[in-house]
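Novice: Need coordinates for the below:
(chains A and B)
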Amino acid sequence: MEAECPICGSPVELPEDVMAGELLECPSCGATLEVYEQDGMFLLKEAEEIGEDWGE
Amino acid sequence: MRVALVYERLREEERQLLRAIEELGHEPIPLHLNSSFLPIDHGEEFEADVALIRAISAAKAHASAVTLASLGVRVVNSPEVLATCGNKLTTTARLSEAGIPTPKTAVAFSLEGALDAARSMGYPVVVKPVNGSWGRLVSLAQDEEELRTILEHREAIPSPYYRIHYIQEFIRKPGRDIRAYGTEEAFITAIYRVSDHWVTNTARGARAVPAEYREELADLVIRTARALGGGFLGVDIAEDEDRGLVVIEVNGVTEFKNAARVTGIDIARELVSYAVS
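Specialist: Down below sits the predicted model:
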């Protein structure tokens, strides 16, 4: 199973047990990507930067 | 029981929670907030009995908790507790009302007011964002000149929250503070966060070491949880030379991987057990 890197367009291999919310690194451009789910498909988007209200 | 795990990032804690839900014989329902929407409709049925709120953003944690609670789901922690813990000023106010020891704190709404507060408190003082986390933008002012510089920077940030100046006395900690876990009913475990730096968050490089059990500590954690309306909480406590234990802040979506690792306590299992009880 693979998805497309939204930054460079390269294919990114998804782990067999992939879940939404996991972070992956694009092997081609090195971008940090977040897995999300839409209509039963796993897709990738650029991972959000740390937000002002993140953490504990 | 169907237990929803409401999350953004699948961190080690969230993986441990999914495992614990299964091990305790419940059905895990992962709910990735950034892939979903939640209806606000009294007629809607949600697919879970209990929701564990684990969003990494305090605003998303509170928004998802409010929405799920409106659908009749038991939410842990409750939206009220998350709102309190998401704001240091509200937390301090609630704790103070309940007679829980906290550092001397004042709130000011202008640079001049903050300088007056610090003068009455005595230097050094600590300035904290009311809604900050991971120790970010927590600043130490040794004297008025340093405080003025910090305040001028804060007032240049275009957010009304930075014009609320939460000023606190500096507690001289013995190279560590305490992160304790517990609920309104029970103390779970605690670690020391050891650091040469005065900011002792493990997210800022502090080392986690198991803390020995102390009745006084266990009692303080339970009283703190009761003062805030109950919940599964991470309580940050400093050891003051004169006053003993003082509660610095309380975390409603608490991280626990370092504490679980060094204490051997399965905190994920404790959290799930609490949520389904």
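
Novice: Residue B:265: which element?
Specialist: Per DSSP states H and E, residue B:265 falls between elements, in no helix or strand.

Novice: I'd say it and residue B:259 touch.
Specialist: Yes: with contact defined as Cβ atoms under 8 Å, residue B:265 counts as touching residue B:259 (7.4 Å). (C-beta placed from N, C-alpha, C; glycine too.)

Novice: what residues do the two have in common as contacts?
Specialist: Shared contacts of residue B:265 and residue B:259, defined by Cβ atoms under 8 Å, 6 or more residues apart in numbering or on different chains, are found at residue B:189.

Novice: Have a look at those two and say which one is more surrounded.
Specialist: residue B:259 (24 against 18; other Cβ atoms under 10 Å in any protein chain shown).

Novice: and the gap between that one and residue B:106?
Specialist: Noted for residue B:259: a distance of 31 Å to residue B:106, by Cβ to Cβ, to the nearest Å.

Novice: ok, now residue B:135?
Specialist: 21 Å.

Novice: surely residue B:133 meets residue A:55?
Specialist: Yes: the criterion here is Cβ under 8 Å, and residue B:133 meets it with residue A:55 at 3.8 Å.

Novice: More neighbours: which of those two?
Specialist: residue B:133 (26 against 19).

Novice: what's the more buried one sitting at in phi/psi?
Specialist: phi -160, psi 170 (degrees, to the nearest 10).

Novice: How many neighbouring residues does residue B:260 have?
Specialist: 22.

Novice: Compute the number of surrounding residues for the nearest residue to it once chain neighbours are set aside.
Specialist: In this structure, residue B:260 finds its nearest non-sequential neighbour in residue B:267, 4.5 Å apart by Cβ to Cβ, 6 or more residues apart in numbering or on different chains. A count of nearby residues for residue B:267, using other Cβ under 10 Å, gives 24.

Novice: ditto for residue B:110
Specialist: Counted with other Cβ under 10 Å, residue B:110 comes out at 12.

Novice: One more: residue A:46?
Specialist: If we define neighbours as other Cβ under 10 Å, then residue A:46 has 13 of them.

Novice: does it have beta-bridge partners, and which?
Specialist: Beta bridges link residue A:46 to residue A:33 when assigned by DSSP bridges.
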